[in-house]
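> Here is a sequence together with a model predicted from it:
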Amino acid sequence: MSTALGWPQHHAVAHLPGSLPMGGVVPMTPVHAFECTPHALCLDTQQTVHPSRKDIDLGGLLAFVIDQVVTDAEANAIIMASERMGFREEAPGIATPPGMRMNKSVHWVADEALMAPLFQRIAHLLPPTLAGETLFPNLSHRLNMYRYDDGDVFNIHTDGSWPGYSLSKDRSAMLEWPAQVRSGLTMLLYLNGPAEGVEGGNTRLFRPDSSSVDVEPRKGSALFFRHGFGPHSVRHIGCRVSGQVSKYVARINVMYIERRPPETGNHSCTLAGIFPDSWGV
């Protein structure tokens, strides 16, 4: 069913404990999905943008920016979708200490119509291997959306490694991908920035010697860096936003797959039936 404005209804596909900015947990924080594919979130499969990559000197750590990942209209649609879901103080499935994540959050599971073209646009610019694992042929479909209002900040932290997620065929549940598919890179997709009136809101990346590089959010661009809790992971800050224009950013996980030799397990059987044949897994 669609609303009068053309957006489908949405519903919860999972409930997870959600951490609050100043401590405490909301036990049943929803992760959302639309009841059918929104037209506004069907990305053009033709090349309407021309992504390009610029590496960041981070003292040997991996970080880079890809420009022109989505169009202005596509960025606006992701913001509109997220506002329809409803931003909250708590973030589902994330545990942060009091005072670290001082922003608003909503998590939702996107369609293949959004995530497959998004991956296709940038796949040739992503590391084909990472720590001995191979780039998986799609992004996790779970979008961790953040809105930074006046005074909001995400203090210094390292992003964790996550499983992949997608919708069940009947769109009733969020499915967790098999354990051999795991995230290796954070993708921060910037949905607006200073050109739209955002004041502040840079992402500050730290080198091993604690010097830093600031990345300015630019609408339609994305910042990528290693995550997890090893020595190659990038510490960073979502710098404070000031003023009346909120900053919007989507955290999306770039996935890598462990290629197990046959004697340690039947990889093809483990993944059979989970992913579409078109993914080529």
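Okay, I see it. Bear in mind the structure is a predicted one, so any value in this text is a computation, not a measurement.
> Return the residues in contact with residue 21.
Applying Cβ atoms under 8 Å, 6 or more residues apart in numbering to residue 21 gives the contacts 89, 96, 98-103. All C-beta spots, glycine's among them, are computed from the backbone N, C-alpha and C.
> where does residue 44 land on pLDDT?
Residue 44 is assigned a pLDDT of 85 by the prediction.
> For the residue nearest to it when sequence neighbours are not counted, pull up the helix or strand it's in.
For residue 44, ignoring the flanking residues on the chain, the nearest one in space by Cβ to Cβ, 6 or more residues apart in numbering is residue 117 at 6.9 Å. Using DSSP states H and E, residue 117 falls within helix 112-122.
> and the helix or strand where residue 65 lies, what does it pack onto?
For residue 65, the element it lies in under DSSP H and E is strand 63-67. Packing partners of strand 63-67 (3 or more Cβ pairs under 8 Å, 6 or more residues apart in numbering; DSSP states H and E): strand 52-55, strand 222-226.
> Enumerate the positions of it that are buried.
Residues 63-66 are the ones in strand 63-67 that count as buried (16 or more other Cβ atoms under 10 Å).
> ok, back up a step: in CSV: the helices and strands packed on strand 63-67, plus distance to residue 182, mean neighbour count and mean pLDDT.
Output for the helices and strands packed on strand 63-67, formatted as CSV (distance: least, Cβ to Cβ, whole Å; neighbours: other Cβ atoms under 10 Å; pLDDT from 0 to 100):
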stretch, distance to residue 182, mean neighbour count, mean pLDDT
strand 52-55, 23, 11, 98
strand 222-226, 13, 25, 98
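> can you list those in a markdown table and add distance to residue 169?
Formatted as a markdown table, the helices and strands packed on strand 63-67 follow (distance: least, Cβ to Cβ, whole Å):
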| stretch | distance to residue 169 |
| --- | --- |
| strand 52-55 | 35 |
| strand 222-226 | 29 |
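> All good on my end, thank you.
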